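S.K.: One predicted model, sequence on top.
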Amino acid sequence: MEDKPLVRVVAPVFALALAAGVGLAFGVAALKRPPDLPVDTNPAPLSGHTLCAAVVVVFPTDAEMQAAVPSFRDDPAARRVFVDPPSISLLAVPGTDLTAWAQDLHARYRTAERVTVIDSDRAAAQLELTAPPPKCPREGEY
């Protein structure tokens with residue numbers, strides 16, 4: 001009979017400690033999660049930007065590239081759009097599979113001469129460089 005008062009005290013204390021631990025874990029996770037990157041799909045000149053994780057779509061002419069620009073503004077995978085005649089360089093929203101996105105873009109833009117993935121981290125890993133370049137930040141450019 002003397003066990004019941006102890007159980008009445010231990011169970012709520014345990015539940016309270018568990019709830020506090022879960023709350024602390026969520027708080028730490030929220031602080032460690034990087035902030036969402038801004039999305040700006042208004043075309044900007046590529047000059048002055050060094051991309052390390054992007055998809056580049058090269059068109060035969062500047063006119064064809066200009067005709068495709070509006071559709072890139074509405075692409076949900078696009079985070080930034082850079083133009084450098086007659087090509088468009090696209091930075092992706094975090095979590096986008098660049099290879100799959102490039103394949104999708106190649107299927108959508110049949111007139112494109114080439115669709116290329118720039119992934120400096122993957123290239124450095126394949127080359128097994130003794131002095132690899134700095135890791136590409138999640139923004140996709142240095």
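M.R.: Arrived safely, thanks for sending.
S.K.: Could you look up the SS state of the residue nearest the centre of the chain?
M.R.: For the chain, the residue nearest the mean C-alpha position is Pro94 (1.7 Å; Cα atoms, centre = their mean). Assigned by DSSP: H, G, I helix; E, B strand; the rest coil, the conformation of Pro94 is coil.
S.K.: Find the nearest non-adjacent residue to Thr99, please.
M.R.: Nearest residue to Thr99 in three dimensions, chain neighbours excluded: Val117, at 5.8 Å (Cβ to Cβ, 6 or more residues apart in numbering). In short, each C-beta sits where N, CA and C put it, glycine included.
S.K.: re the thing from before, in contact with the residue nearest to the centre of the chain, which residues?
M.R.: With contact taken as Cβ atoms under 8 Å, 6 or more residues apart in numbering, Pro94 is in contact with 36-37, 79, 138.
S.K.: Likewise for Ile88?
M.R.: By Cβ under 8 Å, 6+ apart, the contact list for Ile88 reads 43, 56-57, 59, 65, 68-69, 72, 81-82.
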